[in-house]
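> Sequence below, structure please.
(2 chains)
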Amino acid sequence: TQLLEQSPQFLSIQEGENLTVYCNSSSVFSSLQWYRQEPGEGPVLLVTVVTGGEVKKLKRLTFQFGDARKDSSLHITAAQPGDTGLYLCAGGSRYNTDKLIFGTGTRLQVFP
Amino acid sequence: EPEVTQTPSHQVTQMGQEVILRCVPISNHLYFYWYRQILGQKVEFLVSFYNNEISEKSEIFDDQFSVERPDGSNFTLKIRSTKLEDSAMYFCASSETGLAGEEQYFGPGTRLTVT
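Numbering: from 1, shown residues only, chains lettered A, B, ... in the order given. Reported below is the predicted structural model:
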């Protein structure tokens, strides 16, 4: 069974601080997607990484896929209150193109 | 921008009743999915659907569940006899071709409450 563990589970920081969220597994994934989910809404895709070692930037957000494609990280620079939300990583199975396996989630709160 | 839509947004039903959750995937997408999220827990895969057939299903997707694409636009999830533990947010998603690494786009979800 493929599992994705995210850390930390909760994160409360002040506006302007930097933070990193980790997504780890013992399994290899064909791709890793990061989503953000607001209360009562569906996950909204932020980025997809597919190549080991790949780094993608989305404004103040930097996403990295581990060389072995077993882990990923999300780094936010100078966090803002608008970054508050639930961040989810989701892995595409190496052997099956269908399902996404979701991580346990990181709930971020940024205080002004 | 095209999006996945779901109806209803909230469904309350009594234990043992049948419910049908509806989804309209993005129009040119070929792969459709249902996921669920029990309150406070992670999002879990239920089933994927391609070319009018189930492509893969999880252990959660037992005989009480079924999926259907009754016409060219709708994709439905039916729960025949609901249980209390079926209470969750149900998300529909779609992807263009289902290839590895391709994005899945999620709808806003249906909150199912079984009493």
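
> Any idea how far apart the tips of stretch B:94-112 sit?
Start and end residues of stretch B:94-112 are separated by 20 Å (C-alpha to C-alpha, to the nearest Å).

> what residues are up against the most centrally placed residue in chain B?
Nearest to the geometric centre of chain B sits residue B:34, at 3.0 Å (C-alpha atoms, centre = their mean). Each residue near residue B:34 by C-beta atoms under 8 Å, 6 or more residues apart in numbering or on different chains is listed here: B:21, B:23, B:46, B:47, B:67, B:77, B:90, B:91, B:92, B:93. Placement of C-beta: from N, CA and C, glycine included.

> Go ahead and confirm the last one touches residue B:106.
So the one you mean is residue B:93. Yes - applying C-beta atoms under 8 Å, one finds residue B:93 in contact with residue B:106, separated by 4.7 Å.

> for chain A, which spans come out with low pLDDT?
A:94-98 (pLDDT under 70).

> residue boundaries of the helices in it?
Taking DSSP state H as the test, none of chain A falls into helices.

> tell me the contacts of the residue lying closest to residue B:101 once chain neighbours are set aside?
With C-beta to C-beta, 6 or more residues apart in numbering or on different chains as the criterion, residue B:101 has its nearest non-adjacent residue at 3.7 Å, and that residue is residue A:31. By C-beta under 8 Å, 6+ apart, the contact list for residue A:31 reads A:48, A:49, A:50, A:91, A:92, B:100, B:101, B:102.

> what about the helices in chain B?
Under DSSP H, chain B gives no helices.

> Residues of chain B that sit close to chain A?
Within chain B, the positions near chain A by C-beta under 8 Å from any C-beta of the partner chain are B:4, B:31, B:33, B:35, B:42-45, B:48, B:55-56, B:58, B:89, B:91, B:93, B:98-109, B:111.

> got the contact list for residue B:80?
Shown in contact with residue B:80 (C-beta under 8 Å, 6+ apart): B:18, B:63, B:64, B:65, B:66.

> hang on, isn't residue A:18 packed against residue A:77?
Yes - using C-beta under 8 Å, residue A:18 is in contact with residue A:77, at 5.3 Å.

> Show the contacting residues for residue B:89.
Shown in contact with residue B:89 (C-beta under 8 Å, 6+ apart): A:40, B:36, B:37, B:39, B:109, B:110, B:111, B:112.

> partner residues bridging it?
Applying DSSP bridges to residue B:89 gives these bridge partners: residue B:37, residue B:111.

> how near is it to residue B:111?
According to C-beta to C-beta, to the nearest Å, residue B:89 and residue B:111 sit 5 Å apart.

> Give the residue spans of chain B that score low on pLDDT.
Using pLDDT under 70, the flagged stretches of chain B are B:100.

> Report the buried residues of stretch A:12-21.
Neighbour-count burial for stretch A:12-21 flags A:13, A:19, A:21 (criterion: 16 or more other C-beta atoms under 10 Å in any protein chain shown).

> before we move on, what about stretch B:6-15?
B:6, B:11, B:13.

> and what of stretch B:63-74?
Neighbour-count burial for stretch B:63-74, counted by 16+ other C-beta under 10 Å, picks out B:65, B:67, B:69.

> Over to that stretch now: how far is its first residue from its last?
21 Å.

> Pull the distance from it to the chain's centre.
A distance of 9 Å separates the centroid of the chain from that of stretch B:63-74, by C-alpha atoms, centre = their mean, to the nearest Å.

> now stretch B:60-78
For stretch B:60-78 - counting by C-alpha atoms, centre = their mean - the centre lies 7 Å from the chain centre.

> What's the local residue count around residue 107?
Went with chain A since none was named. Neighbourhood size, residue A:107 [other C-beta atoms under 10 Å in any protein chain shown]: 15.

> That was the other one, I meant chain B.
For residue B:107, the number of neighbouring residues by other C-beta under 10 Å comes to 26.

> No further questions, thank you.
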